[in-house]
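Trainee: let's see this in three dimensions:
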Amino acid sequence: MQESALTERVALQIERLIRYALHKDMIATSDLPYVRNQLLDLFHIAEPCAGYESDTWSDISDEPQAMLEDLLDYAYGIGIIPDNTATRRDLLDAKIMGLLMPRPSETNARFELLRVESGIERATDDFYELSKNCNYIRVDRVRKNEYWLHHSEFGAMEMTINLSKPEKSPKEIAQAGQASVSDYPKCLLCADNVGYAGRLNHPARQNLRVIPLQLNEEPWFFQYSPYVYYNEHSIIFRKEHVPMTLTRSTFSRLLAFTEQFPHYFIGSNADLPIVGGSILSHDHFQAGRHTFPIERAPMDAEFTHSAYPGVTAGIVQWPMSVLRLRSDNKEMLLQCADEVYEQWKCYSDPSVELLASTSGSDGDVRHNTVTPIVRRHGAQYEMDLVLRNNRTNEQHPEGIFHPHRHLHHIKKENIGLIEVMGLAILPGRLKQETERMASLLTGQDDWQTLRLQLDEKDALYPHAAWIEAMLENAGTTNSQAEAIDIIRNEIGTKFVEILGNAGVFKQDGHGQEAFQRFVSRAGFQS
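Mentor: Modelled structure (predicted):
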């Protein structure tokens with residue numbers, strides 16, 4: 001393509017992107033000249049495309065990705081980005097979309113106006129659409145995730161293979177390792193990320209907007225996650241960069257959030273390594289508009305507590321150890337939850353390998369904590385306290401109540417809040433690995449031949465015993481669809497087993513008797 005024709009095409013894509021932003025209510029008509037000139041300057045183009053003055057514009061796309069891809073290709077071609085890696089493209093992508101965004105103060109004012117005039121649901125709907133339309137939430141990548149339901153004795157588990165985060169090439173990994181170290185922003189959750197240009201080892205955030213809110217008269221912020229794992233997956237983070245720690249105030253903040261956002265659940269990862277989340281350095285919660293499998297799970301038995309009238313409790317039928325508290329009285333529920341937590345922090349039962357603390361070189365090391373989840377059902381508050389323990393031993397050096405080693409070929413990462421609730425987030429590597437296994441179940445490839453060639457570097461090597469068991473049970477004459485169903489069912493079964501590993505009180509008579517002992521120790525009566 002001749003240079004003049006290429007420049008005209010890019011100018012056209014710039015105008016189409018501007019009209020997309022106008023159509024999505026990201027900018028106003030009066031913003032058009034300013035935004036247009038900013039983008040023309042970014043791409044070193046002297047003038048806009050023909051017809052840019054028109055008040056109407058046909059062929060307005062509903063998503064920005066195709067236009068952005070053309071602009072990113074052009075940027076690489078003229079040297080705006082030095083190499084064509086996903087990291088470099090993402091950095092410029094955010095910069096482009098950041099030019100099409102309202103200022104943070106405008107976003108906040110719009111959210112507040114909608115909240116007052118139309119209600120909190122209308123405000124969050126609008127903010128969620130903005131976060132998607134500006135490409136902060138990468139809808140195009142999220143679509144790549146594989147999703148299915150696994151029907152288990154505990155209900156339908158949600159299964160996902162996470163393909164939304166692009167894999168970094170060896171070149172990108174090397175570049176990130178060589179990039180200068182910076183303490184700004186302190187972490188990915190700090191409010192300083194808003195508008196940040198990013199670098200090779202930190203994502204750009206020019207298209208990020210956050211909403212300020214108060215939880216118990218403390219400043220916090222509300223935003224959506226860029227890689228949504230469920231509907232309206234949001235992050236609520238403290239203004240101050242302080243480590244996660246679970247206290248009575250944590251439960252109070254969770255309850256306070258559901259007063260302001262009654263259509264959202266909210267939960268916190270545990271505050272200890274192994275059983276906690278991936279970012280323990282900044283106090284934060286996760287929330288959203290989604291009904292998880294754990295919420296649908298019934299309770300085996302109900303209890304009351306004489307000190308907390310109006311609060312009911314129950315053991316949830318779930319592979320992990322969950323005590324569910326319900327009450328219309330928020331303050332009474334808060335007091336009860338805090339009492340349970342204080343009891344749990346120092347509770348031991350050696351008969352089920354449960355030790356609240358152990359002695360270390362620096363004194364006693366605490367092991368007991370909880371993963372709390374709060375939701376509203378009308379006037380009723382409901383809190384799930386998922387009992388956690390992060391102790392290790394010689395047999396289970398990664399964690400006694402953590403995925404055991406025979407399951408690491410499926411998942412070996414921490415079991416955090418989202419998976420506790422019954423939504424599996426499985427590594428992207430499983431997609432190609434399961435496709436290869438499907439070819440064995442259909443007879444397209446021969447396992448006996450492949451097994452002789454396997455070495456430790458082969459991705460199927462950790463799955464060898466599992467593959468042999470599947471072939472023995474299902475044979476090699478399955479259709480492609482049947483093979484995928486077999487593998488998915490097997491993965492789902494293993495996910496339930498993983499959750500069971502993370503459960504402190506196991507789903508057998510001995511484990512449930514131990515659970516009942518703790519419930520009694522905490523002061524509940526049936």
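Trainee: ok, which stretches of the stretch 201-350 of the chain are helices?
Mentor: Along the stretch 201-350 of the chain, counting by DSSP state H, counting those that start in this stretch, helices occupy 248-260, 293-296, 330-345.
Trainee: I'd like these as CSV, with distance to Val370, mean pLDDT and mean neighbour count appended.
Mentor: In short, each C-beta sits where N, CA and C put it, glycine included. Shown next, in CSV, are these (distance: least, Cβ to Cβ, whole Å; pLDDT from 0 to 100; neighbours: other Cβ atoms under 10 Å):
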stretch, distance to Val370, mean pLDDT, mean neighbour count
helix 248-260, 9, 98, 19
helix 293-296, 14, 98, 18
helix 330-345, 6, 98, 19
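Trainee: which stretches of this structure have low pLDDT?
Mentor: Across the chain, the ranges flagged by pLDDT under 70 are 1-2, 166-180.
Trainee: pick out the residue nearest the middle of it.
Mentor: Tyr229 (5.0 Å; Cα atoms, centre = their mean).
Trainee: that one: what's it in contact with?
Mentor: When contacts are counted by Cβ atoms under 8 Å, 6 or more residues apart in numbering, Tyr229 is found next to 160, 162, 418, 423, 425.
Trainee: of these, closest to Ile45?
Mentor: Using Cβ to Cβ, Asn162 comes nearest to Ile45 of the contacts of Tyr229, at 37.6 Å.
Trainee: so the closest one touches Lys144, yeah?
Mentor: No. Checked against Cβ atoms under 8 Å, the pair Asn162 and Lys144 is beyond contact range at 9.1 Å.
Trainee: which one's more surrounded, those two?
Mentor: Neighbour count, other Cβ atoms under 10 Å: between Asn162 and Lys144, Asn162 has more, with 20 against 15.
Trainee: so how far is Glu413 from that one?
Mentor: Computed as Cβ to Cβ, to the nearest Å, the Asn162 to Glu413 distance reads 11 Å.
Trainee: got phi/psi on the nearest residue to His408 once chain neighbours are set aside?
Mentor: Computed as Cβ to Cβ, 6 or more residues apart in numbering, the closest residue to His408 that is not its neighbour in sequence is Pro462, at 7.3 Å. With angles defined as degrees, to the nearest 10, Pro462 sits at phi -70, psi -20.
Trainee: what about Pro462, how many residues nearby?
Mentor: Using other Cβ under 10 Å, Pro462 has 14 other residues around it.
Trainee: my read is that it contacts His409, right?
Mentor: Yes. Using Cβ under 8 Å, Pro462 is in contact with His409, at 3.7 Å.
Trainee: now do the contacts for Arg451.
Mentor: Arg451 touches Ala464, counting by Cβ under 8 Å, 6+ apart.
Trainee: that one - that's part of a helix, no?
Mentor: Yes. Looking at Arg451 with DSSP: H, G, I helix; E, B strand; the rest coil, it is inside a helix.
Trainee: ok, it to Thr434 distance?
Mentor: From Arg451 over to Thr434 the distance is 17 Å, taken as Cβ to Cβ.
Trainee: contacts for the top helix by length along the chain?
Mentor: Looking across the chain with DSSP state H, the single longest helix is helix 480-502. By Cβ under 8 Å, 6+ apart, the residues outside helix 480-502 that reach it are 148, 150-154, 157, 159, 275, 318-320, 388, 401-404, 407, 410-411, 415, 419-420, 422, 424, 426, 430, 434, 437-439, 441-442, 466, 470, 474, 478, 506-507.
Trainee: all set, thanks.
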